[in-house]
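Undergrad: Quick check, what structure comes out for this input:
(one chain, ligands or ions: 3)
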Amino acid sequence: MSSATTAATRPRRRLPRRWRWIIGTVISVVLIGVATAGVVIWNRALLNTAGSVTFDRELAVPALAESGVEDGVRVFRLDLRKGETDFGQEKPTPTIGINGSYLGPTLRAERGERVRVEITNSLGEISTIHWHGMHVPPAMDGGPHQLIDPDETWKPAWTIDQPAATVWYHPHVHGNTADQVYRGLAGFFLLDDPATAEVAKELPHDYGVDDFPVVVQDKRFHADGTLDMSDRAFTSTGVLGPTVLVNGTPGPYLNVTTEKVRLRLLNGSNARFYNFGFADGRDFEVIASDSGLLNAPVSRERLQLSPGDRAEIIVSMSPGERTVLRSYPQSLGTNMVSNRFSGGDDTLDIMELRAAKMLAPSHAIPAKLSMADDQPTADESPAVRTRRFELSGTTINNKPMSMSRVDEVVTEGTTEIWEVTAVDDTPHNFHIHDVRFTVLDVGAKTPPMELQGPQDTVYIRPGRITRLLVTFQPAIGGTDPTMPYMFHCHLLRHEDQGMMGQFVVVAPGEKAPDKIDVATGHDSHDGAHGGDGTGPRSLAPHGG
Ligand code: C2O
Ligand code: CU
Ligand code: CU
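TA: Ligands and ions are numbered 1, 2, ... in the order given. Next up is the predicted model:
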């Protein structure tokens, strides 16, 4: 006999009124509890440190890396090492750094110079150093194929051939980038260009005097002072911390001694987006995007940077005044839940600027900035083809990263349109190694002026097509199709999880291998390709 028949034939038994009352009460209490928990979680996800950060430490400025010229090559020496850093926590924080305990020195070189960087890995774990924003041969790129074993020295060398820019370096071990960057491996590489020296002279350009590198990184700490890299709940983007460090300094202030000060902003965070502005609402001049000067300065009150992005701004100060660099709530273009849990609603105080009573005079900012004849433009007529990239979950075009797969083959010297879309209503951005690109449009709209400069990383607003005009410069010293460059989401957790692909650059008519030979022993010390460390790697047999 089925229970349906039972229910239909038996007289319905009703619970005694007391029981009904108890059950009703229990259900109400549970619902109220769930709703309250929801409100608490929603409110707790919001960070607001405006006015509550004590700015009591002078901003650290990374030292300029020493270098010597040996046989016409500018040689830098970097040592990746473990250490401890005072971040104002209960105890010093175990960190890693380059030539120090946290972050690294600022490298600086001129267009046309040949450089060699000798990187010794004293970390006790495998690492790499990638030159983010640098036009560099693929075997020198420092991506996941150029591993540096513990106690080994890697010596990439190349000739600087791009306009003046603020580029940076950081490790790129596939699956371990987030961890190593979070613990402290990152630094600046400033590029100068004699062709634009006239403009450079008019801009604040005295390193550490009126021209400052400013790497902004949020951290979360355990009670014992160790770094906490656990993920923020309800978002896939990774760690979001309440403490903001600038150049590794917590609660930093910058003593300003000139009428104008240039800040080379780098979002060196794993997952956080910043919407920079000043607490007193002042405007600032944006003079450069990721990989070089804009055509002309743009006056702005806010500037949004996604992880890996850079921008250079000039702030004008009056004698004796103070103002606070702050990150304001911002729209990430996602639904409101994702916006909240990905940190988009947060307000964070970052750094105080303190102007001296007497300020040294600064030049007026030139009305025209970039004179470079290789300044990227928005002229899409030279584009030879369009490629599409769909970001979703932890994949690009539904494929997770594979070290041996060649995703795209491009020809040196050509221009292409890359159309990038994020389809999962999650914040993502997009970075391409080796190149500078222009953002043509976002959702068919021309981007604001400050996004019209040369870029290598761009925020991808969900659900809208972002079209990039990408020029693949002639390869320095010839192509090397056996070694790929990366393109990926620069939210480091997504990158580690596989939201990354590989492209190789070929000469016109040159064939690309079907597969990348992933070196098992990575003894690539002199910038050679791995394998035996001397010559090109052997390619996997076709179709194998
Ligand atoms: Cu900033 Cu593929 O890197
Ligand atoms: Cu890069
Ligand atoms: Cu992403």
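Undergrad: And for whichever residue of the stretch 301-450 of the chain sits closest to ligand 2, nearest residue in space, chain neighbours not counted?
TA: Relative to ligand 2, the nearest point of the stretch 301-450 of the chain is His433 (4.6 Å; CB to the ion). Quick note: C-beta positions are derived from backbone N, CA and C, even for glycine. Nearest non-adjacent residue to His433, counting by CB to CB, 6 or more residues apart in numbering: Tyr485, 3.9 Å away.
Undergrad: how about the residues of the stretch 1-150 of the chain near ligand 3?
TA: Neighbours of ligand 3 within the stretch 1-150 of the chain, by CB under 5 Å from the ion: none found.
Undergrad: Strands along the stretch 1-150 of the chain, start to end?
TA: 57-58, 67-70, 73-85, 93-98, 107-110, 114-122, 130-132 (DSSP state E, counting those that start in this stretch).
Undergrad: Could you do the stretch 301-450 of the chain as well?
TA: Under DSSP E, counting those that start in this stretch, the stretch 301-450 of the chain gives strands at 303-305, 310-316, 322-327, 348-360, 383-392, 395-396, 408-411, 415-422, 428-432, 436-442.
Undergrad: so which of those strands is the most packed in?
TA: strand 428-432 (a mean of 25; mean count of other CB atoms under 10 Å).
Undergrad: Which helix in this structure has the most residues?
TA: Counting residues, the longest helix in the chain under DSSP state H turns out to be helix 17-44.
Undergrad: Make sure Thr471 is actually in contact with Glu412.
TA: No. Counting by CB atoms under 8 Å, Thr471 does not reach Glu412; the two are 9.9 Å apart.
Undergrad: Which helix or strand contains Leu197?
TA: That one is not Leu; residue 197 is Ala. Element membership for Ala197, per DSSP states H and E: helix 197-202.
Undergrad: Show me which parts of that helix are buried, residue by residue.
TA: By neighbour count with 16 or more other CB atoms under 10 Å, helix 197-202 contains the buried residues 199-200.
Undergrad: got the CA coordinates for the next helix-or-strand element following that helix in PDB?
TA: As assigned by DSSP H and E, the chain's next helix or strand after helix 197-202 is strand 211-219. The C-alpha coordinates for strand 211-219 follow below in PDB (Å, rounded to 0.1, in the frame of the first residue of the first chain):
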ATOM      1  CA  ASP A 211      60.000  60.800  -8.400                       C
ATOM      2  CA  PHE A 212      59.000  57.800  -6.400                       C
ATOM      3  CA  PRO A 213      58.200  54.200  -7.000                       C
ATOM      4  CA  VAL A 214      55.000  53.300  -5.100                       C
ATOM      5  CA  VAL A 215      54.100  49.600  -5.000                       C
ATOM      6  CA  VAL A 216      50.800  49.100  -3.200                       C
ATOM      7  CA  GLN A 217      50.100  45.700  -1.600                       C
ATOM      8  CA  ASP A 218      47.400  44.600   0.800                       C
ATOM      9  CA  LYS A 219      48.200  42.000   3.400                       C
END
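Undergrad: Does strand 211-219 reach ligand 1?
TA: No. On the criterion CB under 6 Å from any ligand atom, strand 211-219 is out of touch with ligand 1, staying 12.5 Å away.
Undergrad: That strand to strand 322-327, inter-axis angle?
TA: Strand 211-219 and strand 322-327 are oriented at 50 degrees to each other (axes from the mean of the first three to the mean of the last three CA atoms, to 10 degrees).
Undergrad: same for strand 211-219, what does it pack against?
TA: Where contact means 3 or more CB pairs under 8 Å, 6 or more residues apart in numbering; DSSP states H and E, strand 211-219 is packed against strand 187-192, strand 243-246, strand 260-267, strand 348-360.
Undergrad: TSV please, covering these and showing mean pLDDT.
TA: Formatted as TSV, the helices and strands packed on strand 211-219 follow (pLDDT from 0 to 100):
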stretch	mean pLDDT
strand 187-192	98
strand 243-246	98
strand 260-267	98
strand 348-360	98
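Undergrad: any chance of those in a markdown table, plus distance to ligand 3?
TA: Below are the helices and strands packed on strand 211-219 laid out as a markdown table (distance: least, CB to the ion, whole Å):
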| stretch | distance to ligand 3 |
| --- | --- |
| strand 187-192 | 24 |
| strand 243-246 | 21 |
| strand 260-267 | 14 |
| strand 348-360 | 21 |
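Undergrad: ok so, going back, can you check which of the strands of the stretch 301-450 of the chain gets nearest to Phe284?
TA: Ranking these by their distance to Phe284 (criterion: CB to CB) puts strand 310-316 first, at 4.7 Å.
Undergrad: tell me the contacts of Ala109?
TA: Shown in contact with Ala109 (CB atoms under 8 Å, 6 or more residues apart in numbering): 67, 74, 115, 160, 189-192.
Undergrad: State the number of residues packed around whichever residue of the stretch 1-150 of the chain sits closest to ligand 1.
TA: Closest approach between the stretch 1-150 of the chain and ligand 1, counting by CB to the nearest ligand atom: His132, at 3.5 Å. Other residues within reach of His132, judged by other CB atoms under 10 Å, total 24.
Undergrad: what pLDDT does it get?
TA: His132 is assigned 98 on the pLDDT scale.
Undergrad: can you tell me how far it sits from ligand 3?
TA: 16 Å (CB to the ion, to the nearest Å).
Undergrad: Please name the nearest non-neighbouring residue to that residue.
TA: Computed as CB to CB, 6+ apart, the closest residue to His132 that is not its neighbour in sequence is Trp168, at 5.1 Å.
Undergrad: ok, the one you found to Ser101 distance?
TA: Distance, Trp168 to Ser101, using CB to CB, to the nearest Å: 19 Å.
Undergrad: Need the contact partners of stretch 67-76.
TA: Contacting residues not belonging to stretch 67-76 are listed as 65-66, 107, 109, 113-118, 157 [CB under 8 Å, 6+ apart].
Undergrad: buried sites along that stretch?
TA: Applying 16+ other CB under 10 Å to stretch 67-76 flags 67, 74-76 as buried.
Undergrad: For ligand 2, state which of those residues is nearest.
TA: Nearest to ligand 2 among the buried residues of stretch 67-76: Phe76, at 18.5 Å, using CB to the ion.
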